[in-house]
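>>> here you go, sequence then predicted model.
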Amino acid sequence: MSKKIVGILRVVTIADQELMNRHGRLLETLFPDFTTVTECIPNQPNGIHNEETEIMAIPKIIELGKKMAKRVQALIISCAADPAVEDLRKVLRIPVIGAGSAAVGVGMALGNRIGVLNLNEETPRVISSLLGKSLIRATSPEGVRTTLDLMTPAGKTAALKAANSLVQIGADSIVMACTGYATISLAPVLRKEVKIPIVDPVEAAGLITQEVLRYRA
């Protein structure tokens, strides 16, 4: 079986190649028929963490997405806000998968009282709108504002505390609304600590991509 070439478009500027490729390595581990190609947009070291930074990123994502589409069979926008996903779907002939909408789809398959673990106080619009009344509460780790904050021991501890608070108010599954959580491998930690399903948006995007490519073989 020939491997599928999947593009991972990171919306944060990362110089460290190992760090940049973590989402791709995660997907190659989970989906052995994937070979991933990862690139990141320029001049956004703090990624997307509010409306202003999302607006800044969109033209960069579109430009990079068009370039990557020439050498991949599917493109994952590795951001839970799904920035430029619809724009790219209009101009590309390959599947374009947004991590946020993929996470919602998996989350709603696992529960109907869904808690959302944000990066900060803002829930991505695509997640809140798709979840609708199934979203019982959204929270975020105390003291965390950007993906860089997650890469500290304090950031990971705060994320675990925030996830536990969602369990305590009755969530039956948790959607992580930031792909930075995949960068720090938070999902395996949470799955050991909390006894409800945890949806990692990068993993969810990989699952949807696998299904999409299955029917395009």
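Structure's in. What do you need?

>>> C-alpha only now, for contacts and for neighbours.
Fine.

>>> where along the protein do the strands fall?
4-10, 34-40, 74-78, 96-98, 114-117, 135-139, 173-176, 198-199 (DSSP state E).

>>> just so I know, which of these lies nearest D87?
Between D87 and the strands of the chain, the shortest gap by CA to CA is with strand 96-98, which sits at 9.8 Å.

>>> direction included, what does that closest one pair up with?
strand 74-78 (parallel) (DSSP bridges).

>>> so P124 touches A177, yeah?
Yes - with contact defined as CA atoms under 8 Å, P124 reaches A177; the gap is 7.2 Å.

>>> okay, and the common contacts of these two?
Applying CA atoms under 8 Å, 6 or more residues apart in numbering, one finds that P124 and A177 are jointly contacted by A80, A81, G100.

>>> and the worst-scoring helix or strand of the chain on mean pLDDT, what does it pack onto?
Lowest by mean pLDDT, DSSP states H and E among the helices and strands of the chain is helix 147-150, with a mean of 74. Applying 3 or more CA pairs under 8 Å, 6 or more residues apart in numbering; DSSP states H and E, one finds that helix 147-150 contacts helix 180-183.

>>> hey, C-alpha coordinates of the helix it packs on in CSV?
Extracted in CSV, the C-alpha atoms of helix 180-183 (Å, rounded to 0.1, in the frame of the first residue of the first chain):
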residue,chain,number,x,y,z
GLY,A,180,-0.8,23.5,20.9
TYR,A,181,-2.0,20.9,23.3
ALA,A,182,-0.8,18.2,20.8
THR,A,183,2.6,19.9,20.8
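
>>> for that helix, give the mean pLDDT please.
Averaging pLDDT along helix 180-183 gives 90.

>>> chain center to it, what's the gap?
Centroid separation between helix 180-183 and its chain, computed with CA atoms, centre = their mean, to the nearest Å, is 8 Å.

>>> same check, this time on stretch 9-18
Taking the mean of its C-alpha atoms, stretch 9-18 sits 14 Å from the chain's own mean (CA atoms, centre = their mean).

>>> show residues contacting that stretch.
Residues contacting stretch 9-18 (CA under 8 Å, 6+ apart): 20, 38-48, 57, 61, 64-65, 75-79.

>>> ok, now with 7 Å
Contact partners of stretch 9-18, identified using CA atoms under 7 Å, 6 or more residues apart in numbering, comprise 20, 38-48, 76-79.

>>> which positions within that stretch qualify as buried?
If you call a residue buried by 16 or more other CA atoms under 10 Å, then stretch 9-18 has these buried ones: L9, R10, V11, V12, T13, I14.

>>> need the longest helix for this structure.
If you go by DSSP state H, the chain has its longest helix at helix 51-68.

>>> could you chop the chain up by domain?
4-98+203-214, 101-201 (automatic domain parsing).

>>> among those, show the one with the smallest mean pLDDT.
Among the domains of the chain, domain 101-201 scores lowest, at a mean of 91.

>>> that concludes my questions; thank you for your assistance.
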